[in-house]
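Colleague: Got a predicted structure here, sequence first:
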Amino acid sequence: MKTIPNYYELEPENNTFQDVVIDVTHRCNMSCKNCYIPNREIPDMDKEKMLAAISKFPKRTMIRIIGAEPTMRRDLPEMITDIKKTGHRCTLLTNGLRLSKDSYVKTLKQHGLTHCYISMNGADNDDWYEQIDELRCATKKVQALENLKKNNFIIDTGTIIVKGINDEVIERLLHMFNRLEIKNVMARIKNVGNLGRSMYDSELGNWSMDDLIKLASEQTGLSVDYIETWRNKPIYQNIEPEIDSFIFPLSKNPGKLLHKSGVWFKIANWKGNGKDIPFTGQTRRGRLTPDFKVAPFFEHVVANEGGY
């Protein structure tokens, strides 16, 4: 493991992170060109040891179940139930392919899952998916969104904007949300990161935070000034505003509850310049390590070069 500034590990009983990412498997049914854990040879995380570790957390935590692709695990529904029994909240981060089957979404709901984050790098455009995620999967992605809506899930979408490919994806997402009658959603937008496998191209360049704000303005019809007014507001209670990310609502008169007050966007700068660690020094998001300790998420990913 490389030496990384701001890297440290905590015993589970000393966890201070509000969110903890758990990579429950390194298996995947896609081969996306931007993947922070491209190593597929790592065994699945031991469920019982994972549960024992998070049971020691001193306060209620948001457990982010992720992979590679967590739905590759047959025991995922039971795992969700077991995590909820520890008293923690949980959300699922997925490429959404298996969620295109309504019966599977219903099973996840029956086991206690209510919140899902689905990657949507191409919105409903197969050409974009093929160029970024190496798979024409728009139909399944859109069906997964429909199933989540139908089963009353809290929905987040995640989209990487790759310069010169899916530059118009924000507008495309809005059209898709309108067509599917998705009224409440958090659409997370970011530039290309430099973790694991990455599409960062030094000649093509990358979108900066200011660029992303301009794209959002052009494609939502909101002014840059309006979007900028949200830039220094805290995303989470009792936490200082994040330097490299912020949220803003599509409506200028939003309700107070995220995910229940219309369409919101989160813009994040992952600094895909081949050097910087995204959000270095942040204290909100941790990651469960292979020996079941907790480390800062981005520093741990970079220290292990995406392949722990």
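Modeller: Now that the structure is in, tell me what you want to look at.
Colleague: before we move on, which element is I267 in?
Modeller: Here I267 sits within strand 263-268, counting by DSSP states H and E.
Colleague: Go ahead and produce PDB holding the CA coordinates of that strand.
Modeller: Extracted in PDB, the C-alpha atoms of strand 263-268 (Å, rounded to 0.1, in the frame of the first residue of the first chain):
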ATOM      1  CA  VAL A 263     -35.300  17.600  -8.600                       C
ATOM      2  CA  TRP A 264     -31.900  18.400  -7.000                       C
ATOM      3  CA  PHE A 265     -28.500  18.400  -8.500                       C
ATOM      4  CA  LYS A 266     -25.200  17.700  -6.800                       C
ATOM      5  CA  ILE A 267     -22.100  18.900  -8.600                       C
ATOM      6  CA  ALA A 268     -18.700  17.400  -7.600                       C
END
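Colleague: Check the offset of that strand from the chain's centre.
Modeller: 12 Å (C-alpha atoms, centre = their mean, to the nearest Å).
Colleague: Show me what stretch 222-236 is in contact with.
Modeller: With contact meaning C-beta atoms under 8 Å, 6 or more residues apart in numbering, stretch 222-236 is reached by 18, 213-214, 216-217, 240-242, 245-250, 252, 266, 284. In short, each C-beta sits where N, CA and C put it, glycine included.
Colleague: at 6 Å instead, please
Modeller: By C-beta atoms under 6 Å, 6 or more residues apart in numbering, the list of residues contacting stretch 222-236 from outside reads I213, A216, S217, P241, F246, I247, F248.
Colleague: among these, which one has the lowest pLDDT?
Modeller: Of all those, P241 carries the smallest pLDDT score, 63.
Colleague: about what we covered before: who does the strand holding I267 touch, helix- and strand-wise?
Modeller: Where contact means 3 or more C-beta pairs under 6 Å, 6 or more residues apart in numbering; DSSP states H and E, strand 263-268 is packed against strand 185-190, strand 245-249.
Colleague: Next, the angle strand 185-190 makes with that strand.
Modeller: 20 degrees (axes from the mean of the first three to the mean of the last three C-alpha atoms, to 10 degrees).
Colleague: contacting residues around strand 263-268?
Modeller: V185, M186, A187, R188, I189, K190, L212, S245, I247, F248, P249, L250.
Colleague: following that strand, which helix or strand comes up?
Modeller: Next in line after strand 263-268, if elements are assigned by DSSP H and E, sits strand 285-288.
Colleague: so what strands line up beside that following strand?
Modeller: Paired strands of strand 285-288, with direction, are strand 19-23 (parallel), strand 294-296 (antiparallel) (DSSP bridges).
Colleague: returning to that earlier point: if you average pLDDT over each of the helices and strands packed on strand 263-268, which is lowest?
Modeller: Among these, strand 245-249 carries the lowest mean pLDDT, a mean of 92.
Colleague: So what's the gap between the lowest-mean-pLDDT helix or strand in the chain and the chain middle?
Modeller: Scoring the helices and strands of the chain by mean pLDDT, DSSP states H and E places helix 297-303 at the bottom, with a mean of 87. On the basis of C-alpha atoms, centre = their mean, helix 297-303 sits 15 Å off its chain's mean C-alpha point.
Colleague: what sits up against that helix?
Modeller: With C-beta under 6 Å, 6+ apart as the test, helix 297-303 has contacts from 1-2, 4, 6-7, 21, 36, 195, 277-279, 285-287.
Colleague: for stretch 158-170, same thing?
Modeller: With C-beta under 6 Å, 6+ apart as the test, stretch 158-170 has contacts from 34, 117, 119-121, 123, 128, 131-132, 188-190, 192, 199, 204-205, 207, 216, 219.
Colleague: roughly how far is that stretch from the heart of the chain?
Modeller: With C-alpha atoms, centre = their mean, you get 15 Å for stretch 158-170.
Colleague: returning to what we had before: sheet partners, orientation included, of the strand holding I267?
Modeller: By DSSP bridges, strand 263-268 pairs with strand 185-190 (parallel), strand 245-249 (antiparallel).
Colleague: Mean neighbour count and distance to I54 added to the ones you listed, as CSV?
Modeller: Shown next, in CSV, are those (neighbours: other C-beta atoms under 10 Å; distance: least, C-beta to C-beta, whole Å):
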stretch, mean neighbour count, distance to I54
strand 185-190, 22, 24
strand 245-249, 20, 25
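Colleague: Need those strands in JSON lines (columns: distance to P234).
Modeller: Converted to JSON lines, the strands paired with strand 263-268 look like this (distance: least, C-beta to C-beta, whole Å):
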{"stretch": "strand 185-190", "distance to P234": "16"}
{"stretch": "strand 245-249", "distance to P234": "9"}
